[in-house]
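Novice: What follows is a predicted protein model with its sequence.
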Amino acid sequence: MAIDFSITSAVTSTGRTAFNAQRINSTETKFNIGNKTRYEGNVGLFNTSITTGLAYKPEDYSTEYGFWAYFIYPTAMAESSGSFKCLNTYDRAQFTFSFMQYAAHVPNGDFIKFFRKLLQLPNATDYFPKLVLSNNRILYKSSSGVLSPLESDSSSQALMDYLNPTLNEIENQELICAARFVHWATNDANHRKIQVETAIDMYKENMKSYHNRYGLNNVPANVCQMICDIRHQGRAKSDRIALAINTNGNYDKAFSNLCTIGNTNYQTRINTVRNTIKKLTDIGKFSMKYDGNSNEFVTI
């Protein structure tokens, strides 16, 4: 049965408008969807709150994914402090969700891959009864049964518009879709596992590509992670990264160089990534190097 929500709003003590949802025909408590914000002329929601039990911990996933569970952690902390219900609907992506902030505007991108997996879960029709997955494409099913594609190899605009019709105001459709994602992530461990699986698959594929571009065989994990984070955020292009790691095997210098990339605008993020890597190194979880042949990390 489809899960529906009643939506309410209230002004917080800080003057922000908070939107909350409560599941209809349920004794569940009301939960926060997100707060209203304005960004470069756009209007949307954001949710960066951290809830106990709903933040990514690498040790919860290391049995299945090994070192990769730790490798993605610095970026997860920079993106959302690890929050599995991190949301924003105010920028050009129109809809961004997950602890790694998967953004809907990239065709076949991380959000699209993530959502395709979600739609294969048994409870997907409870949350998105009008969406179906066919031939690995997300489609909208009308009341008359007509299927309309929402994404393709060239565009995901129709899906973006379904999740968030405009950036001019916060619409009811936007609130309902956001509530569905937040509630699903909160109440379903399989949803959270798919967030993690998507992130690890993404970083595994990225490492193959970055090894081909930069030659990362035997390069320490801290250098590889900072490269991945730079590229994930998009704060530098390949030539700048290649120059930074051209240190004749001095990986401490390479890491230091990478930490300066984007520091004018993104010092806080860089500090978060660097400090998280240090914490993991101090507890013996990051002393690894990349093996280009196997696309795995091995002990130094």
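Specialist: In hand now; what should we look at?

Novice: Which stretches in the stretch 1-150 of the chain count as helices?
Specialist: Assigned by DSSP state H, counting those that start in this stretch, the stretch 1-150 of the chain shows helices spanning 62-65, 68-71, 73-80, 110-118, 124-127.

Novice: Ok, which of those helices comes nearest Leu54?
Specialist: With distances scored as Cβ to Cβ, the stretch of the helices of the stretch 1-150 of the chain nearest to Leu54 is helix 73-80 (10.6 Å). For glycine as for every other residue, the C-beta is placed from the backbone atoms N, C-alpha and C.

Novice: rewinding a little: so which of the helices of the stretch 1-150 of the chain is the most packed in?
Specialist: Looking across the helices of the stretch 1-150 of the chain with neighbours counted as mean count of other Cβ atoms under 10 Å, the highest average goes to helix 73-80: a mean of 24.

Novice: Out of the helices of the stretch 1-150 of the chain, which is closest to Cys177?
Specialist: Cys177 sits nearest to helix 124-127 of all these, at 9.3 Å, using Cβ to Cβ.

Novice: for that closest one, packing partners?
Specialist: Helix 124-127 sits against helix 172-187, with contacts defined as 3 or more Cβ pairs under 8 Å, 6 or more residues apart in numbering; DSSP states H and E.

Novice: and the helix it packs on, which residues are buried?
Specialist: For helix 172-187, burial by neighbour count (16 or more other Cβ atoms under 10 Å) applies to 174-175, 177-186.

Novice: Now Ile3. Nearest residue, chain neighbours left out?
Specialist: Closest residue to Ile3 apart from its sequence neighbours, by Cβ to Cβ, 6 or more residues apart in numbering: Asp126 at 4.9 Å.

Novice: correction: Ser142
Specialist: For Ser142, ignoring the flanking residues on the chain, the nearest one in space by Cβ to Cβ, 6+ apart is Ser148 at 7.1 Å.

Novice: Mind listing the residues bridging to Lys141?
Specialist: Bridge pairing for Lys141 (DSSP bridges) gives the partners Leu147.

Novice: no wait, Leu133
Specialist: With DSSP bridges as the rule, Leu133 is bridged to Ile138.

Novice: show me what contacts it?
Specialist: Counting by Cβ atoms under 8 Å, 6 or more residues apart in numbering, Leu133 makes contact with 116, 119-120, 139.

Novice: hmm, 10 Å instead?
Specialist: By Cβ atoms under 10 Å, 6 or more residues apart in numbering, the contact set of Leu133 is 115-120, 124, 139.

Novice: What of Tyr214?
Specialist: So Tyr214 contacts 223-224, 227, 238, 241-242, 244-246 (Cβ under 10 Å, 6+ apart).

Novice: and the contacts of Leu133, which two are the farthest apart?
Specialist: Farthest pair in those (Cβ to Cβ) is Lys117 and Leu139. Separation: 15.6 Å.

Novice: Now stretch 6-18 - C-alpha only, CSV.
Specialist: Provided in CSV are the C-alpha atoms of stretch 6-18 (Å, rounded to 0.1, in the frame of the first residue of the first chain):
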residue,chain,number,x,y,z
SER,A,6,0.6,14.9,5.7
ILE,A,7,2.9,18.0,5.5
THR,A,8,3.1,20.8,7.9
SER,A,9,5.4,23.8,8.4
ALA,A,10,6.6,25.9,11.3
VAL,A,11,9.0,28.7,11.9
THR,A,12,12.0,27.7,14.0
SER,A,13,13.7,29.7,16.7
THR,A,14,16.3,30.7,14.2
GLY,A,15,13.7,32.1,11.8
ARG,A,16,13.8,29.3,9.3
THR,A,17,10.7,27.6,7.9
ALA,A,18,10.9,23.9,8.8
